[in-house]
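Visitor: From the sequence below, what's the structure:
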Amino acid sequence: MQQHPERFLSKDECFSFMKALSLKQPFAELILSGKKTVETRTWNTKFRGEFYIHASKIPDEKAMKRFGFSELPTGVVVGTAELVDVIEYDEKNWKKDKRTCAEWMPYRKYGFVLKNVKRIKTFEAKGKLGFFNLHQGSQETQRIRHPKAQHQ
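Guide: Below is the predicted model:
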């Protein structure tokens, strides 16, 4: 059996990563459709810029029913958005912000304000917690290996 050496990403390929954020369905779809323009989280971020919207593998069944969805794509990247600001909520007024579509959910202190949302052709990807690096145009994150056809 012939072994194939691994080729690691070139310098140029290393710079073709983009941040991604996993969201449960139907929240990814609500962002893509423009009904949800603020994504709420319990944690803050200093990141600003464009990122992939990843639809988590397991949807939020309660929210799917609440918003009238029976089936949506999961385990795939579904779009891009730009994070332009973070709002810090207090426990008394966070449910008043209708842009979150989350007034019925437990308290979340931070709201990520999203702009320039675009639906894209889906591609499979593994999700992670928080913002993570995803190779643009690839189905893999982190280090990517390419076997060579033949050893020369």
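
Visitor: among the helices and strands of this structure, which has the poorest mean pLDDT?
Guide: One helix or strand of the chain scores below all others by mean pLDDT, DSSP states H and E: strand 146-147, with a mean of 34.

Visitor: Show the residue spans covered by the helices in the chain.
Guide: 11-14, 27-32, 61-66 (DSSP state H).

Visitor: quick one, which of these is packed in tightest?
Guide: Of all the helices of the chain, helix 27-32 carries the top mean neighbour count, a mean of 23, counting by mean count of other CB atoms under 10 Å. C-betas here are computed from N, CA, C, even on glycine.

Visitor: that older thread, relative to T74, which of the helices of the chain is closest?
Guide: helix 27-32 (8.8 Å; CB to CB).

Visitor: Show me what that closest one is in contact with.
Guide: Under the criterion CB atoms under 8 Å, 6 or more residues apart in numbering, residues 23, 36-37, 39, 53-56, 60, 63, 67, 69, 72, 78-79, 81, 101, 114, 117, 119 lie in contact with helix 27-32.

Visitor: ok, of those, which come out buried?
Guide: 23, 36-37, 39, 53-56, 60, 63, 67, 72, 78-79, 81, 101, 114, 117 (16 or more other CB atoms under 10 Å).

Visitor: Where does pLDDT dip in this protein?
Guide: 1-15, 95, 97, 101, 104, 106, 136-152 (pLDDT under 70).
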